[in-house]
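> Take a look and give me a structure for this.
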Amino acid sequence: MEKYAVYVPRLVKKRENFAPGHRACIGCGEALAVRLAFKALDNNVIVANATGCMEIVASQIPNSSWHLPWIHTLFENAAAVASGIEAAYKAMRRKGMDVPNNVKVVAIGGDGATSDIGLQAISGALERGHDFTYICFDNEAYMNTGIQRSSATPFGAVTTTSPAGKKSFGQFTWKKNMPEIAAAHNIPYVATACHSYPFDLMEKVKKAVNTPGPAYVHVLSVCPTGWRSATDTVIRLGRLAVETGIFPLYEVENGQYKMSIDLPKLKPIQSYLKGQGRFRHLSDDLIAQIQERVKLEYEKLLGKAKNGNKRTKRNR
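Model prediction:
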């Protein structure tokens, strides 16, 4: 049985900061993830939203699903805009201007805006130590513009720019590990989450926003349209991503790794891959190669978590 190390069910507020009525696809995991993330927060939040699915579906003038101050940014500069907002509030306080003291700044973007186009701005904002939270809603491709591959597209997956054919098998590079890149900046808080574990997601977002300094949360968001999966399997696929070790849930607090869910044994990756059309072309050899890679990366992560526990016990 799974052991949950991070979250316990709590009262969840009824008010929605990300309201229904948007134009997301049927079964959109990202819309659910955004709703949960901002349901965890109060209304003292300013959002900088990079170009992408959520910007398109939720802000078609004159309508908006956002019940928060919200800024649409370019693909590449959500983190730069967020750091500018945070710096502006600091400057106004230094000048004695009457501004709220508890304003929280959150930048959001998809995997393309995060791991590709916006990486430079994110790295700069994290390195400078701005007090803000960056949340990546990762659906593993550029879904809004036609399902093109990104550096977050998993090995072997088919997209319109990484097709499978006689001489190709889809995406030929391994998924970029953005949480590890964020953690390498030595920031106070990094976490992974998924909409299929709602209380865990909400607790991590709340913790990130309330952590002084920069924080990063990476959320896996199932996309039936791009993944070629059934719309009623969104929650199941998110859980299988975690249960197979393909997308582990963990936290990095001040350099200390902590697993969010203790899995005594990982499920075989076939249980996750078989429900998605983007993987149906994979040979047994390629599946075995992916399985070996998942096992290796998961064991490395467990090692970091165990070493962190040992250091914590020694410091007591």
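
> rest of the way, CA atoms for contacts and neighbours
OK.

> Which strands or helices does the lengthiest helix in the chain pack on?
For the chain, the helix with the greatest residue count under DSSP state H is helix 284-315. With contacts defined as 3 or more C-alpha pairs under 8 Å, 6 or more residues apart in numbering; DSSP states H and E, helix 284-315 has these neighbours: strand 256-259.

> Is the residue of the chain most remote from its centre part of a helix or strand, or is it coil?
The outermost residue of the chain, judged against the average C-alpha position, is residue 96 (36.7 Å), by C-alpha atoms, centre = their mean. Under DSSP: H, G, I helix; E, B strand; the rest coil, residue 96 falls in the coil class.

> which residues touch residue 248?
By C-alpha atoms under 8 Å, 6 or more residues apart in numbering, residue 248 lies in contact with 192, 241-242, 259, 298.

> which of the residues you listed has the most neighbours?
With neighbours taken as other C-alpha atoms under 10 Å, the top of the contacts of residue 248 is residue 192, carrying 25 neighbours.

> ok, for that one, nearest residue in space, not its chain neighbours?
Take residue 192 and drop its neighbours on the chain: the residue closest to it by C-alpha to C-alpha, 6 or more residues apart in numbering is residue 218, 4.7 Å away.

> Not counting the helix or strand encompassing that neighbour itself, show me its contacts.
In the assignment (DSSP states H and E), residue 218 maps to strand 215-220. Here strand 215-220 makes contact (C-alpha under 8 Å, 6+ apart) with 33, 126, 131-139, 178-179, 182, 187-195, 201, 204-205, 208-209, 238, 247.

> buried residues in it?
215-220 (16 or more other C-alpha atoms under 10 Å).

> Identify the farthest-apart pair in the contacts of residue 248.
Greatest spacing in the contacts of residue 248, by C-alpha to C-alpha: 241 and 259 (15.0 Å).

> Output the below-cut-off pLDDT ranges for the protein.
Residue ranges of the chain with pLDDT under 70: 1-10, 309-316.

> hey, where'd the strands end up in the stretch 151-300 of the chain?
Listed in chain order, the strands of the stretch 151-300 of the chain (DSSP state E, counting those that start in this stretch) span 164-165, 168-169, 189-194, 215-220, 250-253, 256-259, 261-262.

> Please name whichever of the ones you listed is nearest to residue 47.
Short answer: strand 215-220, nearest of the strands of the stretch 151-300 of the chain by C-alpha to C-alpha, at 14.4 Å.

> strands paired with the closest one, and their directions?
Strand 215-220 has its sheet partners listed here by DSSP bridges as strand 133-138 (parallel), strand 189-194 (parallel).

> Tell me how far the residue nearest to residue 192 lies from residue 163.
26 Å (C-alpha to C-alpha, to the nearest Å).

> Would you format the strands paired with strand 215-220 as TSV with distance to residue 85 included?
Shown next, in TSV, are these (distance: least, C-alpha to C-alpha, whole Å):
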stretch	distance to residue 85
strand 133-138	12
strand 189-194	20
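
> nearest to residue 284, of these?
Of all the strands paired with strand 215-220, strand 133-138 comes closest under C-alpha to C-alpha, at 26.6 Å.

> List the contacts of the closest one.
Identification of contacts with strand 133-138 by C-alpha under 8 Å, 6+ apart yields 30, 33-34, 79, 105-111, 114, 152, 208-209, 214-221.

> are any of those buried, and which?
30, 33-34, 79, 105-111, 114, 152, 208-209, 214-221.

> re the thing from before, can you tell me how far the residue nearest to residue 192 sits from residue 43?
22 Å.

> What of residue 58?
Per C-alpha to C-alpha, residue 58 is found 18 Å from residue 43.

> okay, those two: which has more neighbours?
The neighbour count for residue 58 versus residue 43, taken as other C-alpha under 10 Å, is higher for residue 58 (20 against 16).

> my guess is the more buried one meets residue 71, correct?
No. Assessed by C-alpha atoms under 8 Å, residue 58 is found out of contact with residue 71, at 12.0 Å.

> Name the residues of stretch 88-103 that are buried.
Residues of stretch 88-103 classed as buried by neighbour count (16+ other C-alpha under 10 Å): residue 89.

> Name the surrounding residues that touch it.
Contacts to stretch 88-103, defined as C-alpha under 8 Å, 6+ apart, come from residues 44-46.

> Name only those of the residues you listed that count as buried.
Looks like the contacts of stretch 88-103 have 45-46 buried, using 16+ other C-alpha under 10 Å.

> got CSV for the contacts of stretch 88-103, with distance to residue 253 too?
CSV is the format used below for these (distance: C-alpha to C-alpha, whole Å):
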residue, distance to residue 253
44, 24
45, 22
46, 24
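
> In strands only, show me the contacts of stretch 88-103.
Counting by DSSP state E, these place 45-46 in strands.

> What count of nearby residues applies to residue 120?
15.

> Which neighbouring residues are in contact with residue 177, exactly?
Counted by C-alpha under 8 Å, 6+ apart, residue 177 has contacts residue 152.

> Next: residue 249.
Applying C-alpha under 8 Å, 6+ apart to residue 249 gives the contacts 191-194, 242, 259-261.
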